[in-house]
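Peer 1: The following comprises the amino acid sequence and a computationally predicted model.
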Amino acid sequence: QETPKKGGHVKIAVQNSSVSDTLDPAKGAHSADWTKQFCLFNALTEFNASMVPDLALAERLESSDGSKWLITLKKGIHFHDGSELTSADVVYSLARHKEPATASKAIAIANGFADIKALSKYEVSLTLSKPDFDLPSVLGSSYFLIVKEGVTDFSKPVGTGPYVLETFVAGNKFSAKRNPNYWKNGLPHLDSVEIFGVTDSAARVNAVLAGDVDICALVETRYAKQVESSNNVSLVVNKLPLYTDLILRQDHAVAGNKDFVAAVRYMQDRKRMLDSVMQGYGAIANDHPVAPWDPYFLEGLPQRPFDLDKAKFHVQKSGLAGSSMDIICQPGIAASVEGAQFLQGFGAKVGFNFKVRQVPVDGYWSTYWTKYPMTYGSISNRPNVGMIFDLFYRSTSSTNEAQWKEPKLDQLLDSARAEGDFNKRKAIYGDMQTLVHENSGTIIPVFTAILDGVSKKIRGYVPNPSGMNMGYRVAEAIWRA
Amino acid sequence: MTNILRIPSLGGRFFLSLSISGRVGLCISIFWILIAIFGPWIAPYGATDFTDGPIFGPLTLAYPMGTDYLGRDLLSRVLLGARFSIGLALVATLLASTCGTLLALISTVIGGWFDEALSRLMDSLLILPSKILALLMVAIYGSSLPVLVLTAAVTYMPGAYRIARSQALGLNAMEYVMVSRLNSESRLYIACKDILPNMIHPMMADFGLRFVYNVLMLSSLSFLGLGVQPPDADWGSLVRENLSGLSTGAPAVLMPAIAIATLTIGANLFIDSLQARKRLGAGS
Amino acid sequence: MNGLILRLILRRIGIGLITLFIVCALVFFMSSLLPGDAAQMALGQAATAETVAALRAQLGLDQPALLRFFTWLGNFVTGNFGISYAGGLPVSDIVAPRIPNSLMLAAAATATSVPIALFLGIVSAMYRGSRLDRVIGIGTMSVVAVPEFLVATLAVLLFAVKLRWMSALSLGADLSTVAGFFKAYGLPVLVLCCVVVAQMARMTRAALINQLDAAYVEMTVIKGLKPTRVVLRHALPNAIGPIVNAMALSLSYLLGGVIIVETIFSYPGLASTLVDAVSNRDLPVVQFCVLFFSACYLLLLLIADIVTIIFNPRLR
Amino acid sequence: MTVPPLVEVLGLQVVAAGADGKETTIVKDVGFSINKGEVLALIGESGSGKTTIALTLLGYTKPGCRIAAGRIRVGDTDVTTAKRRALYKFRGSYVAYVAQSASASFNPSLKILDQVVEGVCVHGLMDRKAACEKAVQLFQSLALPSPQTIGERYPHQVSGGQLQRLMAAMALMSDPQLVVFDEPTTALDVTTQIEVLNAFKHAIKGLGISAVYVSHDLAVVSQVADKVLVLKGGEIQEQADVLKIIDQPAHPYTRSLMAAAMPIPRLSDDDAVQAAAQAPLLQITGMTAGYGKRDASGMPALKILDEIDLTVRRGTTMGVIGESGSGKSTLAYVVAGLLSPAKGQISFDGKPLQGKSADRDRDLHRRIQLVFQNADKVLNPSHSVGEILARPLKLFERCAPGQIKVQVARMLDMVKLPVAMINRRPAELSGGQKQRVNLARALAAEPELIICDEVTSALDTVVGAAILDLLVELRHELQMSYIFISHDISTVRTMCDEITVLYQGRKVDECPRGALTGQPRHAYTELLIDSVPELRQGWLEEASQRMRAKRDQVSNA
Ligand SMILES: Nc1ncnc2c1ncn2[C@@H]1O[C@H](COP(=O)(O)OP(=O)(O)OP(=O)(O)O)[C@@H](O)[C@H]1O
Ligand SMILES: Nc1ncnc2c1ncn2[C@@H]1O[C@H](COP(=O)(O)OP(=O)(O)OP(=O)(O)O)[C@@H](O)[C@H]1O
Ligand SMILES: [Mg+2]
Ligand SMILES: [Mg+2]
């Protein structure tokens, strides 16, 4: 391991650029926002390379029952404006999500915070309405970055983070310079960073290849070869629990037919998808949302094969042979258009008539997603597995994609969260994976790997499974050769 | 060739009256139109066929134009795409030109506030950036073939209207229209018999250009993800979806681009020679 | 002469305002047909009924469309362009840095493409029917025939990635030096030129040839003037009307139609803002951009008219 | 020692490429020579190749044409073999051209002076200042008004006659050895023609240059030319001195040209007596009309016709003459209903006639037919001749539907057009043919009054005479009445019962045909009569003497 060098400037091209770009942790919508926010703020916890939350601003994070938590802050941490971080800032940062006026994306989680109060200058007590031993990982997510008490205007925010904001223009420019008083020793290495949103994926790749930027976040797999063959740029593979799922509405007469669901599952040529669409970057999934590298992954669940004969059998059995169904896909969801086309091709072979309907990216989530019997969803990584189950599979969740209602799953989830012992918790999560694998209405063919193009002049770029751009904390970790 | 000379049929005489480049253009255009009609029968593979070809494969006997980013046969994709590129553009252009011409005719003959109001409306459609209009239309109604055709038609109609109206206004002031008025002809007769036949020629020339723009417009819509739905693809979408192969010089990008280029150039050579022919004709 | 131009300008402005009003209304009511609204877009997948309702009330989206339209219009004419639904920023703050960018790119592309187009048009008109004319004709045609995103990508691969002469991104470039300026603007301008030059050159050629058939041009030839002088001094001033009108049309594309170029080069201009705003259902920004583009187009047409008048003594 | 002629043309042949790529010969084996200081006239009917031959002397052919054989020598230059570069200089200094239509041959967007001096400046013959001075001198010698400043105007700001002279000045700038005049006066009215002819003659004689003068009017040619070359179909018919051509034309074609130019009276004295007894058909009293916005009292911004009185009796012909722009066509528009008068009464067949055509009923439209001046524009280019002629028959229900074909053929025959024309479109007709179709359409409606606006101006003399005969015949047979508009007083004299003279929108004179000559008339009428060229040498000088006096009289009146 070489020793980091100090100084220099780094330009990072990220995927999103829009006037709705924001530095408000409550509103951040995508990795681009989050990466910028992690330049300026810190959270109470931070994920390490094995997806376990380490302590960051918090010195201690303790609970005996999973409901009542005591948060103790590190002392002597200062905001960019010089004021010291205290419990009041933490209380404000957590409680503001509950206000509807904040329009927080984490309002659902925050509603589970029954009570937040400061006990002393450095101590906060947090009471949850339901026990959850995964709270440390929840607090490591971008939404719960710690901001200064009372701030509502996030056009020029101050935080405790590694960089101090210089300029921010939504949809255009973000630049920040080193925080000389950063509380982590020796960090950051760079003098300044600049983050651009470059929405066109080809443009982003070309920018890093042409040397206009140092890091290109999210190289589409089809450009992977081009980057790999470059002399100046290396391709970094990030394994993240990100996936595209095909949603079959269980309350629909056709899509909810058990045999139909089974047939569609057997029609997934996961290997071909991985090899051709994703050029081999990613991992085959087994119709449940837990990635093989996740600490909670259940070993030993047999992989579902690609088997058109079985698919045909199920189609026949369902009595739906010869009928037809629209698959709604959109180019903004990775591999959805191709996946739908594959399904259409195989459908023709097993006697079911799929029609591919590609709809605009724009307006998809409000108009199409889960509103039709067969649509595609795109699930980004969450701080922990429980949250995925909670959001997308719990019977009462408004985002239960397939409207698959299974009381047993709800029960298992609550008990997993209330279980303090990791191994026991893992076992319960394992049962849930089996349940989803067998019965749910979502089909998860593959996990998508995230590829980054990183200039060979940049060092210290190590993927982190908690999120893109080294768990969004790329800026504090890298240095120039 | 000799056959045509011996029997100077209407088509043959027309063909001979074109300049060399015009004839080449006509042949290319006809070739592509035939492909658009018969493409699906010639194509070795269907639209939904996943052949197990290599990704971005080179030209081989099995895949005469190489393979695309999913390993599909590109020749089939280009043959099938002709129907969308040409068909859609043709229908859209026909709609745009016909509606534009008819509206212009009506508004010229009626005149007054109706003409004024319609012209303002068309002006506003004209100055609205066309891609925005397309974006709005597709965002509202989703991307289906009728919507695409309608979008392209609405985008190009104001232009056709403008040209047609200036033609019609000019013709409306011609002395022979005056003669018809003096003979108390009806407005309908004046519009259909006096004005319309005389603006057909310039509108045809305009039609050709507009057609080419429509082909390109569809391809740029596909860039914004608003084009023809997969697995079908027009040529522009073919270029777009295989764009990542450009850095390695994959034939999958070049072939559809060449198809667009030949169609465009062919159609324009033909149109240009039509105009030249007309000029010569007017001189003698 | 001045009186005539003044009257013409006033009339144009009057008609222009009416047209702009229709454009506004058209866009506003078309956008209200769009599925989803700004509140839903902002909240995305995380939207719940309550948060959407709260945000909607906050943005004033719960009011009837007609009322919103006229409120917006009232504010607009008093110079208050409204607050963006998406970022919560004033629209003027969002567009202010982008308008100069858009104008700059359009100006650079105009400054390059107009001379090239005029040159090509004039040369091919002068030697019409010759091999040179055909080469120019087919050459320009092939350039338009290639989808612009292909031209752009090819140019980037060649000049930025392979040769490293130019930037692949215009965003965040150093514009303080001339070299930096060329590096940043070179490729987008090149691509835009490919798109607009052909059309302008064709129109120039057609308009000139129209004039070259006229009796007075024959007279100049009989007077013993050389072809260059015949075209530049005699035919061009008379053909200027249709030429500038065609140019106005082409150049208007350089503002509102450059979405693809702005996307591929990540150019922070107004066209991509507009596309972005449409997908965010950010109506105030959409309206502003559309109005801006439309007004620019009308302005171009006005300039074209004035140029036509200046060159035509009959109208002066 | 004999001086070699300035211009020598031998075996000239010019071919043109047709639309189908086949070449046709438009000039065949033409040879002639011109000595220094001599004027050669080329005459012949329209399309006989006059312009083509004249242009070859400058080494120029129209686009699509080329010199296929022959030799042309002008001075020391062999035009057919000269290099392009040499031709620029040759055209700019040695020869010059005065085009048929001056208004089309000036660049509309440049000042006249700039165009006049351009040639000499570009060829480096003199500097701009000297050139401007010379131009002003030329303007002066060509009798142009305000010679100092006229050059600062644009072409549309001067009249056609003046423009023609300015074009001549442009040609004379470089002191050329040879000037080619291509029908320089055909587009002008007779009074202006005299002025322009005079100016040209002075310039040619004064500077001692040689000239080629193209025309189809023998009378004009006889005023200026020394030698005449008669052409037909691109071939020489006769070549001789002008005196010989006038006195004893050898070739039959030359003779037929001369015969057609002579006016023959078409009405007898009987006709005059009968006409006077007829009841009035159209009566106009105190009519004022014009164009543009109307003010509060209904007066148009641009008043063209002022207090016109006019009576046309049934079965007679009223001739209306006047110079260009005097309002003749405007009068026709008012009667036809295209322009409603601002003031005054019009009655037709005893009943008041509505001003607007929309207020008139269909039968009234039929009864008054207008034959427009500009036959080019009044025939719909996309309708065939048959369709055009069938339309009034159908519209006004003039014959049974089955009879239409027969009737159309009859109409064509009446205007001396072959029935084969029935399927042609207007673009495939010559100017004269179009004018006849135009007339036939009016006749097909079986009107009572036909307004003929310059129906014969576009026709060559032979066909023109036939049409006039037809009109007179119809009048005798069908009691047809005419308003016959023309600027050619000699035509009017042969076929009108009464003649009205318009001058600047006013009626300055009115008289029966017989009273036109032999008694003192209004000064302007006399001016018009005197300006008609006569086929004898020396007429021009006499006429211009008389003119000067009359002009003053007219402007005083
Ligand atoms: N560019 C051309 N291509 C083909 N034929 C031509 C062309 N120009 C002229 N002609 C033909 O050449 C013949 C002679 O034309 P030219 O202009 O010399 O006649 P002209 O005697 O001057 O007639 P006018 O009195 O009408 O001016 C005509 O029959 C005409 O149709
Ligand atoms: N539509 C119009 N608007 C305005 N002025 C007009 C219009 N038509 C004709 N004039 C003017 O009216 C005057 C008389 O025109 P008119 O056509 O009656 O002349 P004319 O005697 O028929 O001449 P010509 O012998 O040249 O045909 C001219 O000065 C002309 O410029
Ligand atoms: Mg001629
Ligand atoms: Mg007239």
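Peer 2: Perfect, thanks for sending it. Ligands and ions are numbered 1, 2, ... in the order given.
Peer 1: Mean pLDDT per helix and strand in the chain: which one sits at the bottom?
Peer 2: No chain in the question, so chain A it is. Lowest by mean pLDDT, DSSP states H and E among the helices and strands of chain A is helix A:364-367, with a mean of 74.
Peer 1: let's do chain C instead
Peer 2: Least confident element among the helices and strands of chain C, by mean pLDDT, DSSP H and E: helix C:38-43 (a mean of 68).
Peer 1: helix or strand right after it?
Peer 2: Downstream of helix C:38-43, the first helix or strand assigned by DSSP states H and E is helix C:49-59.
Peer 1: and after that following helix, which helix or strand comes next?
Peer 2: Per DSSP H and E, the first helix or strand lying C-terminal to helix C:49-59 is helix C:65-77.
Peer 1: Helix C:49-59 and that next one, what's the angle between them?
Peer 2: Using axes from the mean of the first three to the mean of the last three C-alpha atoms, to 10 degrees, the inter-axis angle of helix C:65-77 relative to helix C:49-59 is 40 degrees.
Peer 1: For helix C:65-77, which residues meet the burial criterion?
Peer 2: Residues of helix C:65-77 classed as buried: C:68-69, C:72, C:76 (neighbour count, 16 or more other C-beta atoms under 10 Å in any protein chain shown). Bear in mind the C-beta positions are built from the backbone N, C-alpha and C, glycine included.
Peer 1: ok, now stretch B:117-132?
Peer 2: Buried residues in stretch B:117-132, counted by 16+ other C-beta under 10 Å: B:118-132.
Peer 1: Please apply the same query to stretch D:445-458.
Peer 2: For stretch D:445-458, burial by neighbour count (16+ other C-beta under 10 Å) applies to D:445-458.
Peer 1: Equivalent analysis for stretch B:35-42, please.
Peer 2: Counting neighbours by 16+ other C-beta under 10 Å, one finds that the buried residues in stretch B:35-42 are B:35-36, B:39.
Peer 1: Same list (those residues) but as CSV, adding pLDDT, secondary structure and distance to chain C.
Peer 2: CSV is the format used below for those (pLDDT from 0 to 100; DSSP: H, G, I helix; E, B strand; the rest coil; distance: C-beta to the nearest C-beta, whole Å):
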residue, pLDDT, secondary structure, distance to chain C
B:35, 87, helix, 17
B:36, 86, helix, 17
B:39, 77, helix, 20
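Peer 1: And residue 164, what's its pLDDT?
Peer 2: You didn't say which chain, so I picked chain A. We have a pLDDT of 93 for residue A:164.
Peer 1: You answered for a different chain; I wanted chain D.
Peer 2: As predicted, residue D:164 sits at a pLDDT of 84.
Peer 1: remind me, longest helix of chain A?
Peer 2: Assignment by DSSP state H gives helix A:422-439 as the longest helix of chain A.
Peer 1: For that one, the averaged confidence score.
Peer 2: In this model, helix A:422-439 has an average pLDDT of 91.
Peer 1: Would you double-check that residue D:288 falls in a helix?
Peer 2: No. Counting by DSSP: H, G, I helix; E, B strand; the rest coil, residue D:288 falls outside a helix, being strand.
Peer 1: Number of residues surrounding the nearest residue to it once chain neighbours are set aside?
Peer 2: Closest residue to residue D:288 apart from its sequence neighbours, by C-beta to C-beta, 6 or more residues apart in numbering or on different chains: residue D:343 at 4.1 Å. Number of residues near residue D:343 (other C-beta atoms under 10 Å in any protein chain shown) recorded here: 15.
Peer 1: Hmm, residue D:343 is touching residue D:286, no?
Peer 2: Yes. Counting by C-beta atoms under 8 Å, residue D:286 is a contact partner of residue D:343 at 6.4 Å.
Peer 1: How much space separates the residue nearest to residue D:288 from residue D:299?
Peer 2: 8 Å (C-beta to C-beta, to the nearest Å).
Peer 1: Please apply the same query to residue C:56.
Peer 2: According to C-beta to C-beta, residue C:56 and residue D:299 sit 65 Å apart.
Peer 1: The closest residue to chain B within chain D in helix, strand or coil?
Peer 2: Per C-beta to the nearest C-beta, residue D:382 is where chain D lies closest to chain B, at 3.7 Å. Here residue D:382 takes the coil state, with states given by three-state DSSP.
Peer 1: picking up where we left off before, shared neighbours of residue D:343 and residue D:299, anything?
Peer 2: residue D:288 (C-beta atoms under 8 Å, 6 or more residues apart in numbering or on different chains).
Peer 1: Quick check, the residue in chain A closest to chain B?
Peer 2: Counting by C-beta to the nearest C-beta, chain A gets nearest to chain B through residue A:222 (3.9 Å).
Peer 1: who touches that residue in this structure?
Peer 2: Neighbouring residues of residue A:222 by C-beta under 8 Å, 6+ apart: A:279, B:69, B:244.
Peer 1: Residue B:211 now?
Peer 2: The contact partners of residue B:211, by C-beta under 8 Å, 6+ apart, come to B:89-90, B:93, B:267.
Peer 1: Equivalent analysis for residue C:288, please.
Peer 2: Residue C:288 makes contacts with C:81-82, C:91, C:95, as judged by C-beta under 8 Å, 6+ apart.
Peer 1: Tell me the secondary structure at the residue nearest to residue D:246 when sequence neighbours are not counted.
Peer 2: Sequence neighbours aside, residue D:222 is the residue nearest to residue D:246 in space, at 5.6 Å (criterion: C-beta to C-beta, 6+ apart). Here residue D:222 is helix, with the state taken from three-state DSSP.
Peer 1: And for residue D:222, the neighbour number?
Peer 2: By the criterion of other C-beta under 10 Å, residue D:222 has 23 neighbours.
Peer 1: isn't it right up against residue D:538?
Peer 2: No. With contacts counted by C-beta under 8 Å, residue D:222 stays clear of residue D:538, the gap being 9.3 Å.
Peer 1: Listing request: residues of the stretch 101-250 of chain B with sub-threshold pLDDT.
Peer 2: Within the stretch 101-250 of chain B, the ranges that satisfy pLDDT under 70 run B:142-143, B:205, B:223-225, B:230-231.
Peer 1: quick one: the strands in it?
Peer 2: For the stretch 101-250 of chain B, strands defined by DSSP state E, counting those that start in this stretch do not occur.
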